[in-house]
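Trainee: Only the shape, not the letters, is given here:
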């Protein structure tokens, strides 16, 4: 079993993030976080929404340790606007 620590910065395939959850069955890698809208956050357990990948043990050899979390190479925040221009 490969050793992971919570918060460890890693790359899996082309995704950069940090290890968010660890078990013998799988790990999760958080690749994006953003704040929930205030109306939703008011009644939520957490004000942050996370996008995480679930990585199973047969793929752990592809998880590479990193020293830093790179900035997004491409932002999808305006993808809807670009798509609707057509």
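Mentor: Yes, it's here. What you see is a predicted model, and the numbers here were worked out from it, not measured in a lab.

Trainee: Is residue 11 bridged to anything, and to what?
Mentor: Beta bridges link residue 11 to residue 16, residue 64, judged by DSSP bridges.

Trainee: you'd agree it is up against residue 66?
Mentor: Yes: taking contacts as C-beta atoms under 8 Å, residue 11 lies within contact range of residue 66: 5.5 Å. Placement of C-beta: from N, CA and C, glycine included.

Trainee: These two: which is more packed in?
Mentor: Neighbour totals were compared for residue 11 and residue 66, and residue 11 leads with 17 against 13 (other C-beta atoms under 10 Å).

Trainee: Identify the residues contacting residue 21.
Mentor: 6, 27-28, 52 (C-beta atoms under 8 Å, 6 or more residues apart in numbering).

Trainee: Could you provide the residues you listed in a markdown table, with additional columns for secondary structure and distance to residue 43?
Mentor: Converted to a markdown table, the contacts of residue 21 look like this (DSSP: H, G, I helix; E, B strand; the rest coil; distance: C-beta to C-beta, whole Å):
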| residue | secondary structure | distance to residue 43 |
| --- | --- | --- |
| 6 | coil | 27 |
| 27 | strand | 29 |
| 28 | strand | 24 |
| 52 | strand | 22 |
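
Trainee: what's the most distant pair in those residues?
Mentor: Pairwise distances across these peak at 12.5 Å for 6 and 52 (criterion: C-beta to C-beta).

Trainee: Overlap of the contact sets of the two?
Mentor: Shared contacts of residue 6 and residue 52 (C-beta under 8 Å, 6+ apart): 20-21.

Trainee: need the helices for the chain, in chain order.
Mentor: For the chain, helices defined by DSSP state H occupy the ranges 38-41, 79-83.
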